[in-house]
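Asks: sequence isn't available, so here's the structure alone:
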């Protein structure tokens, strides 16, 4: 199956604790590289989230995860104020003021800013954390579906180009006997124009050398083999991006060799067409998991 590494998913969840929003965005990357922006109370869930990514089959891609919690209005808790600490701070300030020639007035906000005077009561996030874990799993599942849908949209692109490449390889294979026969005629014509006596053995040697130099049978066989391998790889359920990238390199290598051995403008054109098709596929392969 073809899975794209570029995708986005967003899901929300609500409860007595408020509203949770999870957003996950992925782009292509050589390895799986998640990064998290979580509420401080959810930091301990990061390892659990990483395991969920692996559990749902993400193998590659840079994954940006953002989760936000908007507390319910009924869940807003008041401040806790330590009367004892506030009195102690006030008495200490008054004591210092009595020793000063020009004492400064201390107000309520000055006392509230003192460490230990005002605090927020510790909040129970256990229900919100469980909801966050479920929401994250649902968002990853949605992301995976998006990646699969985006990847499958690329299938016709690959199939069309592979089919065209197969026809081009078959065309070269069909042309080769005619091209070699034409080269033999050209060789004989050159001998005749140079007024050189035709030596059948010499002509045979020249033709053998020419045939060896222009023999592209192995390249055509390897092109056919690589095209078949790409076709089979596209049916694989595992991550196939790296294998496809390697196959694109091999296809390009054979197309270059075919071009360098060309003895005819038509074969050169076909080699160029092959390289264009390979490059079009290679660009898409960079985004496949």
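Replies: Alright, I've got the coordinates. What you see is a predicted model, and the numbers here were worked out from it, not measured in a lab.
Asks: please enumerate the strands of the stretch 1-150 of the chain.
Replies: If you assign secondary structure with DSSP state E, counting those that start in this stretch, the strands in the stretch 1-150 of the chain sit at 7-15, 18-27, 32-37, 61-71, 80-81, 118-119.
Asks: what helices and strands are in contact with the fifth one?
Replies: Looking back up the chat, that one is strand 80-81. If you count contacts as 3 or more CB pairs under 8 Å, 6 or more residues apart in numbering; DSSP states H and E, strand 80-81 packs onto strand 118-119. C-beta here means a position set from N, CA and C on the backbone, and glycine is covered the same way.
Asks: and the strand it packs on, average pLDDT?
Replies: Strand 118-119 carries an average pLDDT of 72.
Asks: residue 47: how many residues sit nearby?
Replies: For residue 47, the count of nearby residues is 9 (other CB atoms under 10 Å).
Asks: separation between it and residue 133?
Replies: As judged by CB to CB, to the nearest Å, residue 47 and residue 133 stand 11 Å apart.
Asks: turn the strands of the stretch 1-150 of the chain into a markdown table, columns for mean neighbour count.
Replies: Shown next, in a markdown table, are these (neighbours: other CB atoms under 10 Å):
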| stretch | mean neighbour count |
| --- | --- |
| strand 7-15 | 16 |
| strand 18-27 | 19 |
| strand 32-37 | 14 |
| strand 61-71 | 18 |
| strand 80-81 | 12 |
| strand 118-119 | 14 |
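Asks: which one of these lies closest to residue 229?
Replies: Residue 229 sits nearest to strand 61-71 of all the strands of the stretch 1-150 of the chain, at 24.0 Å, using CB to CB.
Asks: now do the closest one against strand 7-15, angle only.
Replies: Angle, strand 61-71 to strand 7-15, by axes from the mean of the first three to the mean of the last three CA atoms, to 10 degrees: 20 degrees.
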